[in-house]
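Chemist: Build me a model from this:
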Amino acid sequence: MISRIVVTLSMLLLMSCGGGGGSDGNSPEGPAVSGTVSLSGPAEVWSDEISWTLTASAEGLDRISVSYQLDADGSGLTMDSTTGLIQGAAITAGVYDLVVSASDGAGISASQSLSFTSNAFIAGHWRMARPSTGEEIEMVVSRNGRISLISYAPNGGISAVCNGLLEIDGDRLSGSVDCVDDELGQSTSVISGTVIEGSSITLTGFDQGDDGVFLFQSQAAEFNFGTIVPGIYVEYSDIAQGISLVEVSAEGVLTPLAPGDVGFDSKTSRCDLSGRLEEDDVFADYEFEQLKNALQVFEASISLTNCDLGSTAVDALDFNQIDAPALGASVLDTLADALSFNLYFPGNGNSNESYNAGYFRYVQFCDEANQLTAIAALLKDESEQFSIIACPVEEG
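Modeler: A predicted model of the protein is given here:
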């Protein structure tokens with residue numbers, strides 16, 4: 001997880017100044033021969049962050065005539081020469097060496113150097129093809145570097161699921177992922193690489209020791225702005241084994257529902273999902289239109305309880321877990337013509353099945369207006385022909 005580092009940097013730089021004087025000790029003293037430049041503000045930001053300020057101040061210099069200059073090392077940052085303010089704006093990801101200088105009308109000057117980091121915005125969907133095997137790997141990444149990968153075999157089936165965390169340092173990435181394949185084989189890969197924002201991520205150590213190039217995928221038609229559109233969602237990957245229902249509030253709280261709560265008489269619950277989404281503070285400074293080009297992924301803290309997913313190899317894993325970190329991605333489900341979100345989770349490290357990493361897809365069942373979506377008709381099969389399916393109505 002990338003932490004926000006707010007630092008106050010201060011360094012004393014002694015500068016020699018001109019000034020005559022004899023050796024008798026009675027000559028008038030010249031101007032001060034030293035100055036200090038202090039920098040206050042964040043030394044690490046997100047590359048898309050638009051509200052931050054780095055401020056320079058000078059001691060030992062004339063405050064009326066002092067003037068500031070910035071050597072920004074290709075970062076694109078600019079400074080107000082009078083106030084010493086470096087105003088936040090979107091900056092290309094990287095680590096930059098900045099030098100702030102101050103001078104006054106008396107010729108006194110000082111300078112301060114610092115390393116400034118702009119961490120890459122990599123939230124979104126990325127995809128890598130393996131032509132030699134016909135496989136495709138889909139990677140979803142959150143702003144903070146939480147990562148999930150799904151490897152699809154040529155026949156469309158899932159051959160492996162991986163979860164992990166990447167450290168983001170400018171335009172460089174490093175971390176590890178834990179994987180489980182379709183035969184429950186377990187592996188861990190240590191990976192590192194670089195990112196070109198909105199274009200590609202190159203990871204070393206992932207693709208059988210070779211470089212793997214993931215290409216950025218265009219955003220979907222629907223955006224969730226780091227949240228999930230409120231409503232009731234259903235997971236129905238194996239209708240014969242049951243369904244899972246969850247209500248999502250406008251505040252991002254996830255509350256499990258039973259199939260009977262919406263009128264299903266014959267279906268059982270596969271898994272109870274609860275928890276809440278993690279807020280993204282950076283978005284507080286965005287305008288609505290800017291969000292449309294932002295992200296469709298989110299982080300959450302979830303609990304999975306009462307899971308009964310059947311008896312096949314992968315489904316038989318113990319998916320029950322409490323307060324687990326999870327990653328989500330919002331997409332438009334074309335089959336149901338409704339919003340949906342994928343939920344990726346790393347597995348329960350406290351369980352004997354510590355590699356039960358996986359993902360569920362939840363499709364909107366009741367929309368914001370509390371109306372059934374098209375998925376309701378699909379789920380009302382012969383076993384439910386006499387059931388009255390309806391969105392629950394809040395009392396009062």
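
Chemist: can you pull the contacts of residue 375?
Modeler: Residue 375 is in contact with 234, 236, 333, 336, 338, 363-365, counting by C-beta atoms under 8 Å, 6 or more residues apart in numbering. Where you see a C-beta, it was placed from the backbone N, CA and C, and this is true even at glycine.

Chemist: Out of those, the closest to residue 186 would be?
Modeler: residue 236 (28.4 Å; C-beta to C-beta).

Chemist: Tell me who's in contact with the most centrally placed residue in the chain.
Modeler: Nearest to the geometric centre of the chain sits residue 143, at 1.8 Å (C-alpha atoms, centre = their mean). Contacts here follow C-beta under 8 Å, 6+ apart; on that basis residue 143 touches 46, 121-123, 280, 282, 295, 297.

Chemist: Among those, which one lies nearest to residue 385?
Modeler: The closest of those to residue 385 turns out to be residue 297 (C-beta to C-beta; 38.9 Å).

Chemist: Wait, that closest one touches residue 327, no?
Modeler: Yes - contact criterion C-beta atoms under 8 Å: residue 297 and residue 327 qualify, at 6.7 Å.

Chemist: any common contacting residues for these two?
Modeler: With C-beta under 8 Å, 6+ apart, residue 297 and residue 327 have common neighbours 140, 142.

Chemist: the helices in the stretch 201-350 of the chain, which residues?
Modeler: 288-291 (DSSP state H, counting those that start in this stretch).

Chemist: returning to what we had before: show me the contacts of residue 143 that map onto strands.
Modeler: Judged by DSSP state E, the contacts of residue 143 include 46, 297 as members of strands.

Chemist: Using a markdown table, lay out the contacts of residue 143 together with distance to residue 97 and pLDDT.
Modeler: Converted to a markdown table, those look like this (distance: C-beta to C-beta, whole Å; pLDDT from 0 to 100):
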| residue | distance to residue 97 | pLDDT |
| --- | --- | --- |
| 46 | 19 | 91 |
| 121 | 22 | 88 |
| 122 | 23 | 89 |
| 123 | 27 | 88 |
| 280 | 29 | 80 |
| 282 | 24 | 80 |
| 295 | 29 | 65 |
| 297 | 32 | 86 |
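
Chemist: Now tabulate the contacts of residue 143 in a markdown table and tack on neighbour count and distance to residue 155.
Modeler: Below are the contacts of residue 143 laid out as a markdown table (neighbours: other C-beta atoms under 10 Å; distance: C-beta to C-beta, whole Å):
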| residue | neighbour count | distance to residue 155 |
| --- | --- | --- |
| 46 | 25 | 39 |
| 121 | 21 | 34 |
| 122 | 27 | 30 |
| 123 | 24 | 30 |
| 280 | 21 | 37 |
| 282 | 19 | 40 |
| 295 | 24 | 31 |
| 297 | 25 | 27 |
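
Chemist: would you list the contacts of residue 143 in JSON lines and tack on distance to residue 60?
Modeler: Formatted as JSON lines, the contacts of residue 143 follow (distance: C-beta to C-beta, whole Å):
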{"residue": "46", "distance to residue 60": "35"}
{"residue": "121", "distance to residue 60": "39"}
{"residue": "122", "distance to residue 60": "43"}
{"residue": "123", "distance to residue 60": "44"}
{"residue": "280", "distance to residue 60": "42"}
{"residue": "282", "distance to residue 60": "37"}
{"residue": "295", "distance to residue 60": "46"}
{"residue": "297", "distance to residue 60": "49"}
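
Chemist: out of the contacts of residue 143, who's nearest residue 161?
Modeler: Residue 161 has its nearest neighbour among the contacts of residue 143 in residue 297, at 16.6 Å by C-beta to C-beta.

Chemist: Would you check how far apart that closest one and residue 172 are?
Modeler: 20 Å (C-beta to C-beta, to the nearest Å).

Chemist: Check residue 147 too.
Modeler: Distance, residue 147 to residue 172, by C-beta to C-beta: 15 Å.

Chemist: So if I had to pick from the two, which one is more boxed in?
Modeler: Higher neighbour count among residue 147 and residue 172: residue 147, with 26 against 17, using other C-beta atoms under 10 Å.

Chemist: The strand or helix carrying the more buried one pairs with which strands, and in what direction?
Modeler: For residue 147, the enclosing helix or strand under DSSP states H and E is strand 146-152. If you go by DSSP bridges, strand 146-152 pairs up with strand 135-141 (antiparallel), strand 158-169 (antiparallel).

Chemist: Can I get it in CSV, CA atoms only?
Modeler: The C-alpha coordinates for strand 146-152 follow below in CSV (Å, rounded to 0.1, in the frame of the first residue of the first chain):
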residue,chain,number,x,y,z
ARG,A,146,-3.8,-4.5,-5.1
ILE,A,147,-3.7,-6.9,-8.0
SER,A,148,-5.7,-9.9,-9.3
LEU,A,149,-4.9,-12.0,-12.4
ILE,A,150,-7.0,-14.6,-14.1
SER,A,151,-5.5,-16.9,-16.8
TYR,A,152,-8.0,-18.1,-19.4
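
Chemist: Tell me which helix or strand comes right after the lowest-mean-pLDDT helix or strand in the chain.
Modeler: Taking mean pLDDT, DSSP states H and E as the measure, the chain has strand 6-14 as its least confident helix or strand, at a mean of 31. Where DSSP H and E defines the elements, the next helix or strand beyond strand 6-14 is strand 34-42.

Chemist: Since that was my last question, I'll sign off now.
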